[in-house]
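*Asks:* pasting the structure only:
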């Protein structure tokens with residue numbers, strides 16, 4: 001499937017360019033992300049270890065719930081960490097922020113509210 005393409009590329013790179021054997025458990029990353037329905041629209045904050053798969057699920061309304069009900073499927077912000085506890089703490093921190101601050105965070109990092117999902121699918125297409 002298409003949504004595994006980017007991660008397959010990264011895995012192949014790490015295997016080919018590493019002096020040590022690659023262990024997926026050691027290299028596990030956690031993504032804290034914000035989805036939006038539109039610019040200044042409804043927001044959803046979540047955490048996942050597979051960002052491409054998770055956003056794909058939201059875009060295709062595979063999971064019932066808040067995001068499918070309100071059409072929240074545009075990836076507008078994300079962070080990566082390799083520590084599960086810090087990812088959970090960051091998710092709680094973002095959820096506790098006032099809406100104004102969440103919007104400012106998105107605007108600072110993604111002023112045009114572009115859907116970053118396409119960029120993580122094909123990182124080379126985003127080099128301008």
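*Replies:* Yes, it's here. Predicted model, so just to flag it, every value in this text is computed and none were measured. Residues are numbered from 1 along each chain as shown.
*Asks:* which stretches of the protein form helices?
*Replies:* Ranges of helices in the chain, per DSSP state H, are 5-16, 51-59, 66-70, 84-96, 99-109, 117-121.
*Asks:* list the contacts for the nearest residue to residue 105 once chain neighbours are set aside?
*Replies:* Closest residue in space to residue 105, ignoring its immediate chain neighbours: residue 77 at 6.4 Å, by Cβ to Cβ, 6 or more residues apart in numbering. To be clear about C-beta, it is placed using only N, CA and C from the backbone, and glycine gets the same treatment. By Cβ atoms under 8 Å, 6 or more residues apart in numbering, the contact set of residue 77 is 33-34, 105-106, 109-110, 116.
*Asks:* quick check: bridge partners of residue 77?
*Replies:* For residue 77, the beta-bridge partners under DSSP bridges are residue 34.
*Asks:* just to revisit the earlier point, show me just the buried residues among the contacts of residue 77.
*Replies:* Using 16 or more other Cβ atoms under 10 Å as the burial test, the contacts of residue 77 include 33-34, 105-106, 110, 116 as buried.
*Asks:* turn those into CSV, including distance to residue 85 and pLDDT.
*Replies:* What follows is those, written out as CSV (distance: Cβ to Cβ, whole Å; pLDDT from 0 to 100):
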residue, distance to residue 85, pLDDT
33, 17, 97
34, 20, 97
105, 21, 96
106, 24, 97
110, 26, 96
116, 25, 95
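*Asks:* which among those residues gets closest to residue 63?
*Replies:* residue 33 (14.5 Å; Cβ to Cβ).
*Asks:* brilliant, that's me finished.
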